[in-house]
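In: Please work out how this folds:
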Amino acid sequence: MKLGAFSISLSVKDLEVSKDFYENLGFAVFAGQVEKNYLIMKNGNALVGLFQGMFDGNILTFNPGWDENAQNLENFNDVRDIQKHLKSRNVKLSSEADENTTGPASFTVSDPDGNVILIDQHR
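Out: Numbering: from 1, shown residues only. Okay, the predicted model is just below:
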């Protein structure tokens with residue numbers, strides 16, 4: 001299965017403080033807007049999403065159809081196909097994508113330790 005670009009989405013208390021911290025680690029703003037309470041920080045192939053007030057806890061995120069530069073991949077597994085595969089293996093999903101649609105969609109699943117994984121297709 002091709003899950004696409006990987007990032008971690010962090011729930012932060014103060015977006016500006018977190019931005020400064022990750023800039024000190026060598027990350028630069030790649031996407032997002034402070035006014036919308038989120039930034040995507042990038043260092044090489046590493047992506048860290050900073051989200052203030054949007055969700056509790058941290059989330060492992062995969063973006064089918066994208067590489068780490070948010071460029072479209074020619075070959076990828078659609079989010080609905082990934083979801084069907086997991087369901088066929090009796091993996092319990094926390095939320096589901098509508099399998100009767102095409103294009104952007106997402107679903108979530110938690111690993112055995114409760115870590116949330118978001119499979120989020122933007123195209």
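In: When you work out contacts or count neighbours from here on, use the C-alpha atoms and nothing else.
Out: Noted.
In: Identify the residue spatially nearest to the most centrally placed residue in the chain, adjacent ones excluded.
Out: The residue lying closest to the centre of the chain (CA atoms, centre = their mean) is residue 61, at 2.7 Å. Beyond its immediate neighbours in the sequence, the residue positioned closest to residue 61 (CA to CA, 6 or more residues apart in numbering) is residue 118, lying 4.8 Å away.
In: got the contact list for the one you found?
Out: With contacts taken as CA atoms under 8 Å, 6 or more residues apart in numbering, residue 118 has the following neighbours: 59-62, 106-109.
In: any idea which element it lies in?
Out: In this structure, residue 118 sits in strand 116-121 according to DSSP states H and E.
In: quick one: residue 99 and residue 82 touch, right?
Out: No: with contact taken as CA atoms under 8 Å, residue 99 and residue 82 are classed as non-touching, separated by 10.6 Å.
In: Who has more neighbours out of the two?
Out: More crowded of residue 99 and residue 82, by other CA atoms under 10 Å: residue 82, with 17 against 12.
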